[in-house]
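K.L.:
The sequence and its predicted three-dimensional model are supplied below.
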Amino acid sequence: MSTSTSVVTEEQKPDLEQIEIWKCKATECKAWVRKEFVTEAVPTCPLCKGQMVRSYKHVPVTTKKGNKKFLVGKKRF
Ligand SMILES: [Zn+2]
């Protein structure tokens, strides 16, 4: 047997990436959206319909693994 499983015990901090976003100008409103999802030149807040401003946000890098653990029903015998 030569199945060597490398066990990583050290805590791995997720890499952060800086993304461009639009965020709501209203301080009490937490709405923000990725810039790449915005088609309008100047979007309006989907929640309060207020103005939005360009900003930046640090989010964990999303790795496209494609292993969705999505169990749609169990087979029962
Ligand atoms: Zn808003």
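P.N.:
Arrived safely. Numbers count the residues shown, from 1 in each chain.

K.L.:
all contacts plus neighbour counts: C-alpha atoms, from now on.
P.N.:
Fine.

K.L.:
List, one by one, the residues from this structure near the ion.
P.N.:
Residues of the chain lying close to the ion by C-alpha under 5 Å from the ion are C24, C29, C45, L47, C48.

K.L.:
and the second one, how many neighbours does it have?
P.N.:
Yep, that's C29 we're talking about. 13 (other C-alpha atoms under 10 Å).

K.L.:
now swap in the first one and tell me
P.N.:
With neighbours defined by other C-alpha under 10 Å, the count for C24 comes to 25.

K.L.:
Quick one: neighbours of whatever residue of the chain ends up closest to the ion, just the number.
P.N.:
Per C-alpha to the ion, C48 is where the chain lies closest to the ion, at 4.2 Å. Residues near C48, counting by other C-alpha under 10 Å, number 12.

K.L.:
Look up phi and psi at F37.
P.N.:
In terms of degrees, to the nearest 10, the main-chain angles of F37 are phi -90, psi 0.

K.L.:
what's around it, how many residues?
P.N.:
Here the neighbour count serves as a burial measure; for F37 (other C-alpha under 10 Å) it reads 9.

K.L.:
Renumber starting at 114 from here on
P.N.:
Yes, from this point I'll number from 114; that puts the last item at F150.

K.L.:
Give me the pLDDT for it.
P.N.:
You'll see F150 listed with a pLDDT of 93.

K.L.:
cool, N180 as well?
P.N.:
58.

K.L.:
Hmm, P156 and R147 touching each other?
P.N.:
No - at 11.2 Å, R147 does not count as touching P156 under the criterion of C-alpha atoms under 8 Å.

K.L.:
Following the chain past whichever helix or strand I134 is part of, name the next helix or strand.
P.N.:
When elements are defined using DSSP states H and E, I134 is found to belong to strand 129-137. Next along the chain after strand 129-137, taking DSSP H and E as the criterion, comes strand 145-147.
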